[in-house]
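Novice: Have a look at this prediction, sequence included:
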Amino acid sequence: MNIQGKVAVVTGGASGLGAATASYFVAEGAQVVLVDMNAEQGQAMQAQLGSKARFAQLDVTNETQVEAFFQELAHIEGRIDILVNCAGIAPSAKVLGRDGLHSLDLFQKVLNINVTGSFNMLRFAAQSMAQNQLDGEERGLIINTASVAAYEGQIGQTAYAASKGAIVSMTLPLARELARDAIRVMTIAPGIMHTPMIAAMPEHVQQALGAMVPFPSRLARPEEFAKLAGHIVENSYLNGEVIRFDGAIRMAAK
């Protein structure tokens with residue numbers, strides 16, 4: 001699938017991996033809809049990217065909002081070709097912490113945003129994509145975002161690792177099911193990314209994190225994540241797989 005001329009939806013598109021992916025897709029000639037809860041950042045990204053981008057404030061966990069969003073998108077754009085799910089949260093909490101038991105509300109919140117939110121978006125996206133005319137061999141593409149925590153979750157990452165493990169586990173059954181509609185499903189599992197959260201840390205902490213990566217010994221850049229997403233779009237034989245994007249890091253317990 002050629003990115004140029006396609007309609008792409010990117011969740012978490014106001015910052016971090018989502019913003020980098022949206023920027024890359026726009027530069028490659030796609031029409032991009034940025035989905036995020038942060039209206040101020042989302043509108044700023046829309047202004048930065050220009051006429052090829054549009055911002056939509058949306059709670060990805062809300063079934064009514066998401067259904068209405070895709071109905072409006074079909075009316076405005078006529079179709080959707082690509083969905084990239086980047087929206088998510090990554091709180092840290094121990095099951096038996098100094099302040100007591102891990103909050104059940106927090107655990108459910110992480111799964112609700114990271115798993116339910118991704119699933120809610122992709123099911124409506126798939127419904128829309130299935131109506132597309134074939135573009136060569138395919139009708140659409142869904143890219144989800146997991147994490148190396150799905151494989152090597154650290155102490156304090158029980159909720160986050162569980163949510164990203166679910167994203168990993170959904171990849172193959174989704175790809176198998178949606179194959180009949182010529183829709184591909186892929187997942188990227190990043191390692192330590194230079195996101196706004198990491199950028200807010202002291203420089204020496206950032207350097208220490210980067211030094212943990214075997215090669216190249218640095219933090220991954222969001223732009224590199226975006227390029228990988230772009231390659232997945234362009235390479236139609238990539239399907240039903242999780243790509244670790246981590247510089248060969250294998251996370252220690254803490």
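Specialist: Arrived safely, thanks for sending.
Novice: quick one: the strands in the stretch 151-254 of the chain?
Specialist: For the stretch 151-254 of the chain, strands defined by DSSP state E, counting those that start in this stretch occupy the ranges 183-190, 242-245.
Novice: just those strands: most buried one?
Specialist: Across the strands of the stretch 151-254 of the chain, averaging neighbours per residue (mean count of other C-beta atoms under 10 Å) puts strand 183-190 on top, at a mean of 24. Yep, even glycine has a C-beta here, placed from its N, CA and C like the rest.
Novice: And that one, what does it pack against?
Specialist: Here strand 183-190 touches helix 117-129, strand 140-145, helix 158-178, helix 222-234, strand 242-245, going by 3 or more C-beta pairs under 8 Å, 6 or more residues apart in numbering; DSSP states H and E.
Novice: Return the list of strands paired to that strand, each annotated with direction.
Specialist: strand 140-145 (parallel), strand 242-245 (parallel) (DSSP bridges).
Novice: TSV for those, including distance to residue 228 and mean pLDDT?
Specialist: Formatted as TSV, the strands paired with strand 183-190 follow (distance: least, C-beta to C-beta, whole Å; pLDDT from 0 to 100):
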stretch	distance to residue 228	mean pLDDT
strand 140-145	9	98
strand 242-245	6	98
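Novice: do you know which of those lies nearest residue 70?
Specialist: Closest to residue 70 of the strands paired with strand 183-190, according to C-beta to C-beta: strand 140-145, at 12.4 Å.
Novice: which other residues reach that closest one?
Specialist: For strand 140-145, contacts defined as C-beta atoms under 8 Å, 6 or more residues apart in numbering pick out 1, 17, 80-86, 88, 118, 122, 125-126, 128-130, 132, 167, 170-171, 174, 178, 181-190, 229, 232-233.
Novice: Could you dump the helices and strands packed on strand 183-190 into TSV and include distance to residue 5?
Specialist: Conversion of the helices and strands packed on strand 183-190 to TSV gives the following (distance: least, C-beta to C-beta, whole Å):
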stretch	distance to residue 5
helix 117-129	15
strand 140-145	14
helix 158-178	22
helix 222-234	12
strand 242-245	25
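Novice: and among these, the most buried is which?
Specialist: strand 140-145 (a mean of 26).
Novice: In which helix or strand does residue 9 reside?
Specialist: strand 7-11 (DSSP states H and E).
Novice: quick one, that strand and strand 140-145 angle?
Specialist: 20 degrees (axes from the mean of the first three to the mean of the last three C-alpha atoms, to 10 degrees).
Novice: Compute the mean per-residue pLDDT across the very next helix or strand once past strand 7-11, please.
Specialist: Toward the C-terminal end, the helix or strand that comes next after strand 7-11 (DSSP H and E) is helix 16-27. The pLDDT scores in helix 16-27 average 98.
Novice: tell me which residues in the next helix or strand after helix 16-27 are buried?
Specialist: Counting by DSSP H and E, the next helix or strand C-terminal to helix 16-27 is strand 31-36. By neighbour count on 16 or more other C-beta atoms under 10 Å, the buried set for strand 31-36 is 31, 32, 33, 34, 35, 36.
Novice: Looks like the last one contacts residue 17 (just checking).
Specialist: It stands for residue 36. No. In this structure, residue 36 is not within contact of residue 17 by C-beta atoms under 8 Å, at 11.9 Å.
Novice: Tell me which of the helices and strands packed on strand 183-190 lies nearest to residue 55.
Specialist: helix 117-129 (15.6 Å).
Novice: name the helices or strands packed onto the closest one?
Specialist: strand 7-11, helix 63-77, strand 82-85, strand 140-145, helix 158-178, strand 183-190.
Novice: Could you tell me the angle between it and helix 158-178?
Specialist: 20 degrees.
Novice: quick one, helix 117-129 and strand 31-36 angle?
Specialist: 150 degrees.
Novice: Send me helix 117-129 as PDB with only the CA atoms.
Specialist: Taking C-alpha atoms only, helix 117-129 is exported to PDB below (Å, rounded to 0.1, in the frame of the first residue of the first chain):
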ATOM      1  CA  GLY A 117      -9.300   1.700  23.700                       C
ATOM      2  CA  SER A 118      -7.200   0.100  21.000                       C
ATOM      3  CA  PHE A 119      -9.800  -2.600  20.400                       C
ATOM      4  CA  ASN A 120     -12.600  -0.100  20.300                       C
ATOM      5  CA  MET A 121     -10.800   1.900  17.600                       C
ATOM      6  CA  LEU A 122      -9.700  -1.000  15.500                       C
ATOM      7  CA  ARG A 123     -13.100  -2.800  15.300                       C
ATOM      8  CA  PHE A 124     -14.800   0.300  13.900                       C
ATOM      9  CA  ALA A 125     -11.800   0.900  11.600                       C
ATOM     10  CA  ALA A 126     -12.000  -2.600  10.300                       C
ATOM     11  CA  GLN A 127     -15.700  -2.300   9.700                       C
ATOM     12  CA  SER A 128     -15.000   0.800   7.500                       C
ATOM     13  CA  MET A 129     -12.000  -0.700   5.800                       C
END
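Novice: Fine, thanks again, bye for now.
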